[in-house]
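Pasted the sequence and its predicted model underneath.
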Amino acid sequence: MTAGVKQDVLDLLTEQHMQIKALFGQIARAEGTRKRDLFQDLVRLLAVHESAEEIVVHPSARRRIDRGDTVTETLRHEEDEAKHELAALYDLGTDHPDFDQRLARLADAVVAHATREETEEFPALRGSLTAAELGRMAGALRAAEATAPTRPHPHTGESARANLVAGPPLAVFDRIRDAVREWRESHRDGE
Ligand SMILES: [Fe+2]
Ligand SMILES: [Fe+2]
């Protein structure tokens, strides 16, 4: 990520949509330990991303945009389904013969979900919130990322990262969500 460039929460989330999409492709092409590591990267990235959306972005959208209730209800439902499919894939294991096909289906669903956010939610939010509000909300993502840091992986080259938060998806999501909730509690003003 480019340091020093001030991005608001919607810029960051849109950038992550591209990273998520790319990661799905990388997992599909990988094998063995690398495939397992990349899948764990996906769990982490989706947990960071969806937690910030769930706790900070969707509640704002519900209150501030037209048809906010309907739009965010659909998004939350899609996120919940994706999280549970991610947990099922984790249990299945990256070496299982059904893994690739189910991962491809999940990728399609997650990309469609991201497109819905980028068309039905983000532009409306950008029109309803101030730049300062959107800038402040980026803190939720930073709080989530701080809970789930990555470090350069010693074996696979410097572009790869090893997860410091690993394990079953539901536990990873819970842990990161708690961190974003804490962040929200200490940044209540201006909502
Ligand atoms: Fe989402
Ligand atoms: Fe998203």
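Yep, that arrived. Model, not experiment: these values are computed from the prediction. Residues are numbered from 1 along each chain as shown. Ligands and ions are numbered 1, 2, ... in the order given.

Count the neighbours of residue 94 for me.
21 (other Cβ atoms under 10 Å). To be clear about C-beta, it is placed using only N, CA and C from the backbone, and glycine gets the same treatment.

how much space between it and ligand 1?
23 Å (Cβ to the ion, to the nearest Å).

Residue 129 and ligand 1, how far apart?
When residue 129 is compared with ligand 1 (using Cβ to the ion), they lie 17 Å apart.

And the pLDDT at that residue?
As predicted, residue 129 sits at a pLDDT of 96.

next one: residue 189
Looking at residue 189, the pLDDT reads 58.

And for residue 6?
Reported pLDDT for residue 6: 76.

so how far is stretch 43-62 from its chain's centroid?
Distance, stretch centre to chain centre, for stretch 43-62: 7 Å (Cα atoms, centre = their mean, to the nearest Å).

how about that stretch, does it get close to ligand 1?
Yes: counting by Cβ under 5 Å from the ion, ligand 1 has neighbours in stretch 43-62: residue 53.

Could you work out the end-to-end span of that stretch for me?
26 Å (Cα to Cα, to the nearest Å).

Quick check: mean pLDDT of it?
The pLDDT scores in stretch 43-62 average 96.
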